[in-house]
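Q: what's the 3D shape of this:
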Amino acid sequence: YNEPNHGLEWGNSSDPENYAQTLNSTIDALKNKSEDFFVLNAGFDASAPHRPQAYFDEELFIKEMISTVPDIFNKLDGWASHSYPAPNFSGSPTESGRGTVKTYEWEINLLKSLGVNKDLPVFITETGWKHSEGIDKDRTLLPGSTVADYFKTAYEIVWNDPKIIAVTPFILNYQDKLFDHFSFKKVDPLTKVLNVLGDSTEDYYPHFKTIQDLSKLQGKPVQQNLAFLEKVVANKQLVVGKKTKIQLTFKNLGQSIWNETNNTYLTVLQKSNAKITTLEISQDTRVEPGNSYSFEIEVTPTQTNQDDLTLIFFNGENSYDNEIEKVSLFAEPNFAEANIINQDKGLIDRFLQNLRFLKNLPLINTIG
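A: Residues are numbered from 1 along each chain as shown. Purely as a prediction, here's the structure:
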């Protein structure tokens, strides 16, 4: 959704009650599917006049939404803001309040005054200045060099607010008259080139290079690392004193790609002899979410009663979010068959007590 307080963006009739209900049902549907969905509102037009149903004043629109669904904004995960510099997309980057590059601040304060108590991170999904350069020169607009200076000031002095997660100016490449004065890429009226990959900086207006040269923080979204023990298979019967190869198959149930940035490995602790084995995923292998990977470990049972293997997944130096897997081995000298079963989860060592645990790992028997 986009700027629902504009009638043209909402079925030709701005309707805060309908948008509140739609947003509410959208949040519920996504969260029922997965709590991992991160939901933002549609950015509003802070400069829209109040002429229902073509336009709806943002403050009145927000109040009507809260009247319809009282807790609607507390259900969001973040706040999307269209912080444009009025008037005519030419305002100073040092101005504050509604209709400036700090519109987000006015919006957050408005929400708090209306009882929204959630501390929402801010995503400025639209902002920017119109420049005079385009298909047709418009000398009433700012020159590109001034727009470059304004962006530099905004990024370094205004948008360094810790509440702001991202700023995505409008618009990288637009080769037609509607938004050509916003475009970062220079307009080529002859070829209308749309491919921006591989272009040189000379193909862009000055503010492109200005933003490109700014120092930036690398985005690192928080990802859940989860490994589920799917299957345990021994290549032969377990006999005390004899080496046996065991295959451990894990499924990636998290959000990260195993082995993409940090080395992913499995640590196996055999209780009876305190032997620790580290099994690494091969260096050129990547395991995407939903896929599985099998490790092979060689064990030698040292006793006829229960011997435990403790399995811990690591991403670099950090252990995975799932609970520790614990596999119990049973072997006797003269058994024709032996079983490997999964044992109920529990706290196994004092130094591991801070890790969380999964439930209901199925029993799995070896095949002899």
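
Q: gap between the two ends of stretch 154-172?
A: Using CA to CA, to the nearest Å, one end of stretch 154-172 lies 18 Å from the other.

Q: mind listing what's buried in that stretch?
A: Taking 16 or more other CB atoms under 10 Å as the neighbour-count basis, stretch 154-172 is seen to contain the buried residues A154, Y155, V158, W159, I164, V167, P169, F170. All C-beta atoms are positioned from the backbone trio N, CA, C, and that covers glycine.

Q: now do stretch 213-232
A: Of the residues in stretch 213-232, those with enough neighbours to count as buried (16+ other CB under 10 Å) are N225, L226, A227, F228, L229, E230, V232.

Q: tell me which other helices or strands the top helix by length along the chain touches.
A: Across the chain, the helix with the greatest residue count (assigned by DSSP state H) is helix 16-33. Using 3 or more CB pairs under 8 Å, 6 or more residues apart in numbering; DSSP states H and E as the contact definition, the elements that helix 16-33 packs against are helix 58-68.

Q: quick one: mean pLDDT over the helix or strand just after the helix it packs on.
A: Toward the C-terminal end, the helix or strand that comes next after helix 58-68 (DSSP states H and E) is strand 79-82. Mean pLDDT, computed over strand 79-82, is 98.

Q: repeat that for stretch 42-55.
A: Here the average pLDDT along stretch 42-55 is 96.

Q: isn't T278 right next to L266, touching?
A: Yes. With the criterion set as CB atoms under 8 Å, T278 and L266 qualify as a contacting pair; they are 7.4 Å apart.

Q: which one's more surrounded, the two?
A: The residue with the greater number of neighbours, taking T278 and L266 and applying other CB atoms under 10 Å, is L266; the counts read 21 against 9.

Q: for that one, which non-adjacent residue is spatially closest?
A: Residue nearest to L266 in three dimensions, not counting chain neighbours: L279, with 4.5 Å by CB to CB, 6 or more residues apart in numbering.

Q: low-confidence ranges, the stretch 201-350 of the chain, go.
A: Applying pLDDT under 70 to the stretch 201-350 of the chain picks out residues 201, 304-305, 323, 331-350.

Q: the helices in it, which residues?
A: Taking DSSP state H, counting those that start in this stretch as the criterion, the stretch 201-350 of the chain carries its helices at 206-213.

Q: what segments of it are strands?
A: Across the stretch 201-350 of the chain, reading from the start of the chain, the strands by DSSP state E, counting those that start in this stretch fall at 227-234, 244-252, 264-270, 275-280, 292-299, 307-315, 318-319, 325-329, 340-342.

Q: and of the ones you listed, who's closest to E133?
A: With distances scored as CB to CB, the stretch of the strands of the stretch 201-350 of the chain nearest to E133 is strand 307-315 (47.4 Å).

Q: if I look at K137, what pLDDT would I see?
A: For K137, the model assigns a pLDDT of 93.

Q: quick check: it vs D180, distance?
A: K137 is 11 Å from D180, where distance means CB to CB, to the nearest Å.

Q: before we move on, what about Q303?
A: According to CB to CB, Q303 stands 78 Å off from D180.

Q: who touches stretch 101-118?
A: Outside of stretch 101-118, the residues that reach it under the criterion CB atoms under 8 Å, 6 or more residues apart in numbering are 44, 46, 58-59, 62-63, 66, 73-74, 76, 79, 81-85, 91, 93, 95-98, 120, 122, 124, 127, 154, 158-159, 161, 163-164.

Q: mind listing what's buried in it?
A: If you call a residue buried by 16+ other CB under 10 Å, then stretch 101-118 has these buried ones: V101, K102, T103, Y104, E105, W106, E107, I108, L111, V116.

Q: over to stretch 307-317?
A: Neighbour counts using 16+ other CB under 10 Å place D307, L309, T310, L311, I312, F313, F314, N315 of stretch 307-317 among the buried residues.

Q: what do you get for stretch 1-16?
A: When burial is assessed from 16+ other CB under 10 Å, stretch 1-16 yields the following buried residues: E3, P4, N5, H6, G7, W10, S14, D15, P16.

Q: contacts for that stretch, please.
A: For stretch 1-16, the surrounding residues in contact (CB under 8 Å, 6+ apart) are 18-19, 22-23, 42-45, 48, 52-58, 60-62, 64-65, 68, 82.

Q: re the thing from before, who has more neighbours, K137 and D180?
A: Applying other CB under 10 Å to K137 and D180 shows that D180 carries more neighbours, namely 21 against 9.

Q: so for stretch 176-190, what's the average pLDDT?
A: In this model, stretch 176-190 has a mean pLDDT of 86.

Q: that one: how far from the chain's middle?
A: Averaging C-alpha positions (CA atoms, centre = their mean, to the nearest Å) puts stretch 176-190 31 Å from its chain's average.

Q: could you do stretch 274-292 as well?
A: Its chain's C-alpha centre and that of stretch 274-292 lie 24 Å apart, by CA atoms, centre = their mean.

Q: now stretch 266-281
A: Distance, stretch centre to chain centre, for stretch 266-281: 33 Å (CA atoms, centre = their mean).

Q: report the buried residues of it.
A: The neighbour-count check on stretch 266-281 (16+ other CB under 10 Å) flags L266, V268, L269, Q270, K271, S272, I281 as buried.

Q: look up how far I324 lies from the second one.
A: So that's V268. Spatial separation of V268 from I324 under the definition CB to CB is 11 Å.

Q: do the same with G99
A: With the distance defined as CB to CB, G99 ends up 55 Å from I324.

Q: look at these two and report which has more neighbours.
A: The neighbour comparison of G99 against I324 (other CB under 10 Å) goes to I324, with 21 against 18.

Q: isn't that one up against I312?
A: Yes. Under the criterion of CB under 8 Å, I324 makes contact with I312 at 5.6 Å.

Q: who's in contact with the nearest residue to I171 once chain neighbours are set aside?
A: The spatial neighbour of I171 that comes closest, neighbours along the chain excluded (CB to CB, 6+ apart), is F182 at 5.0 Å. Contacts for F182 (CB under 8 Å, 6+ apart) come out as F89, G128, K130, H131, F170, I171, Y174.
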